[in-house]
Structure formats: structure tokens, C-alpha cells
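Enquirer: My questions concern the predicted model and sequence given below.
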Amino acid sequence: MAGLQEYKCPCCGGAIEFNSEVQKMKCPYCDTEFEMSALEQLDKDLSADRADEVEWDLGQTNEWSNSEIEGMRVFVCRSCAGEIIGDENMAATTCPYCGNNVVVMGNFAGGLKPDLVIPFKLNKEAAVKKMADHLTGKKLLPKVFKEQNHIEEILGVYVPFWLYSADVEVSGRFKGTKVRTWSDGKFAYTQKDHYSITREATLSFEDVPVDASTKMADDLMDSLEPYDYKAAVPFQTAYLAGYMADKYDVSVEDSKERSTERIKSTAASRLQGTVTGYSTVTNEHTNVRFSSNGAKYALLPAWILNTKWNDQNYTFAMNGQTGKFVGNLPMDKSLKTKYFWSYTGVTSGVIVLISLILQLLKHIM
């Protein structure tokens, strides 16, 4: 059964209809009239509106060879069950995600081989300094966060990501207004013009990252962006030496929804950004069609420190390429009380001193 098309008045948002008396479309709420010819293009736009078309080509063919996985080990965390890839000489004793002990479980096998890796550019010394700088001056921070031996536990981890690339065609319809005001000295006037605006564009997206590990909070990994993907190189197991590498546990299929939303949101924002020169702009409809796409599996460098305080985990991370540092800090309420009373005592003393000085000046004068 055919659907009913409803036209909205751009002035008040009410449903407009054909008025046989004036032979025009007319809004029964604000009495605005529209020529029929003005709605011809809108009819074409409405009939062309379609649901977003997204078909990801997510084929993956890279597999590990026997020579590559020889000597590799999997560390399994007793607490969060995370699998972390290392070599046979890896001496890791704690999980970078929850801070608990990890156990070596034997040779690594299974899963796809990464296509790309961005090698660590910043070493542990730089990460420790960045962490120390992040904690400097925070008086209400619990003592455990300030201990140097704890900061030294920061670990270098290659975090798994899916990198999505796509060409998209995006079209949109917008409602715009232009407002002009003036006065003749006796009355103030306001003129508001309404416009129907259409835009179309073709955009290319390359290496849109989506975190492929459930153990890493998505917002934390998003905060570490951006990475410079021009520095990415074909994967070699040698890059893992001295570091850990988390094994992906979110498949490329399960990650595509998040990548699709990121691309669609950015495409719509870019398209609306081309609508300029209006007092207000409202997005009425946007359609995104994916013409070609694909995904690559990559390992991206991060320095990670996990700390427990009051039975709550606090994770800090630094981009191992750019040095960008992120992480939330707790507040020790006992220190807050201490500093409050200390501040109150000092303030009271200053008030008393000022009062005595004023009294002394009063007697002198």
C-alpha cells in the first residue's frame, strides 16, 4: 500500500494542504501560501529519499604462518580472562587492563594476522614522565597514585583495531531561514525568509579506527586518537619484542556498526557544513550510500597503567606514537577534609589578624 506524503510548513511546522480557493498550498495554522511550482523540486527530493545503504566488504585472508607463531606465547589474566600475545622471553607479571597477575598458557595460535602495525615511537621513560607530569600538583590524589614504583609498572601494549575505509555518496535536504530587521523610527520590522536547500557530495574515508578489544573502554581508546597512519608498516612479529599485544576479541563483523555510525555522522556533519549564509539551518533528511568499502586489522601502540583504589579500577593510557595522555583520577575524601580544615584555619587566622589591625588603626586615628 502506498504511503501518505505530508508536507510541513517551513514557517510553523504545521501540515500544509492544497487550498482550492487560492489554488495554492496553504498552511491552515499561519496562513502562509506556497506556489505549486515551488514544491516540484521538493516532490523529487522526497521521492528520492531512501534508507542508508551499507554493505561492508569485510573479507580477511591473512593468516599466521607456523614460522611466525613459533616462540610466541599467550598470557591469560586470571581475573578478566584477557589474552595478551607476547614472545617466549616475555616476563610480564601483571595484566595492563585490570592489574591482576597473568599466566603463560603456551604457544599462540588462531585468529587473524594483523595487516599493519604502527611501531612505538615513545619509550617507557617518556611514558613514566608523562604520567608523573599528569599527577603533579593534584593534592587530593590518593597516595598510591604518587608512588614512583607504581608508576614504573606502566606497560607497552599493542591494542587491536579495525581500520575501515569507504567511499560514500551523501545527500541531504535542509531548511534554512534568513532574518532581516529594521526600523523606520516609529516601528520595528522583522522579515523572515524560508528556504529549502539540497546538497550532494562524494566523500572518501580512510582508516577509520574501531577498538577491537572489549577490555579497553571505547571512550578511552577514542580519546587517544588521532594516530598518524602514514607511519603504519606491514606487520612483522619482530615489532612485538619487548611489548605485549592484545588479541582482538571483537570481530570485524561485530565492529562494523560502530564504524558505519562514525562515517555516517561525519559525512552528515561535513555536508551540513556546506550550507552557509543562513540565520538558521535545520537538517530535514540525510541519506548515506556506501559505494565501496573494506577493513584492515592493525595494532596501535599504547602505554597503559591500571590502578585499583577503593575496589575500583582506574586506567590510564598514553598514545605510544604522539604522547597524548588520558585517564581520570580519583579524589581522596580524607585529604579533602584535611585541606578544608587547614584552609579554614588559615582563613580564620587572617580574618582575626585583619580585625586586630583595624582596631589598632581606629585607636591611633
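Expert: Yes, it's here.

Enquirer: And the helices in the stretch 51-200 of the chain, which stretches?
Expert: When assigned using DSSP state H, counting those that start in this stretch, the helices of the stretch 51-200 of the chain occupy the ranges 66-69, 124-135, 148-151.

Enquirer: Show the residue spans covered by the helices in the stretch 251-365 of the chain.
Expert: Counting by DSSP H, counting those that start in this stretch, the helices of the stretch 251-365 of the chain are 252-272, 333-364.

Enquirer: Compare those helices and say which comes out lowest on pLDDT.
Expert: Among the helices of the stretch 251-365 of the chain, helix 333-364 carries the lowest mean pLDDT, a mean of 55.

Enquirer: so what's Y158 up against?
Expert: For Y158, the contacting residues are V117, Y239, L240, Y243, M244, A245, D246, L299, L300, P301, A302, by C-beta atoms under 8 Å, 6 or more residues apart in numbering. Heads up, the C-betas are built off the backbone N, CA and C, glycines and all.

Enquirer: same check, this time on D207
Expert: D207 makes contacts with L163, Y164, S165, Y229, K296, as judged by C-beta under 8 Å, 6+ apart.

Enquirer: okay, now E253: neighbour count?
Expert: Using other C-beta atoms under 10 Å, E253 has 12 other residues around it.

Enquirer: Now do A212 against V128, distance only.
Expert: Going from A212 to V128 by C-beta to C-beta, to the nearest Å gives 27 Å.

Enquirer: ok, back up a step: by mean pLDDT, show me the worst of the helices of the stretch 51-200 of the chain.
Expert: Set side by side, the helices of the stretch 51-200 of the chain show their lowest mean pLDDT on helix 148-151, which sits at a mean of 59.

Enquirer: separation between D167 and S255?
Expert: As judged by C-beta to C-beta, D167 and S255 stand 19 Å apart.

Enquirer: and those two? which has more neighbours close in?
Expert: The residue with more neighbours, out of D167 and S255, is S255; 21 against 14, by other C-beta under 10 Å.

Enquirer: V210 is in contact with the more buried one, correct?
Expert: Yes: checked against C-beta atoms under 8 Å, the pair S255 and V210 is within contact range at 4.5 Å.

Enquirer: so what sits against both of these two?
Expert: Taking C-beta under 8 Å, 6+ apart as the contact rule, the neighbours common to S255 and V210 are W162.

Enquirer: sorry, back to before: now a PyMOL select for only the buried ones of the contacts of D207.
Expert: Selecting only the buried entries of those in PyMOL, with 16 or more other C-beta atoms under 10 Å as the criterion:
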select buried, resi 163+164+165+229+296
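
Enquirer: what's the farthest-apart pair in the contacts of D207?
Expert: For the contacts of D207, with distances taken as C-beta to C-beta, the pair at the greatest spread is Y164 and Y229 (12.0 Å).

Enquirer: Which secondary structure state does Y239 sit in?
Expert: helix (DSSP: H, G, I helix; E, B strand; the rest coil).

Enquirer: Contacts only, for it.
Expert: With contacts taken as C-beta under 8 Å, 6+ apart, Y239 has the following neighbours: V117, P119, Y158, L299.

Enquirer: gap between it and A245?
Expert: Plainly put, Y239 is 8 Å away from A245 if you go by C-beta to C-beta.

Enquirer: Could you pull out the residues contacting both of those two?
Expert: Here Y239 and A245 have Y158, L299 as joint contacts, going by C-beta under 8 Å, 6+ apart.
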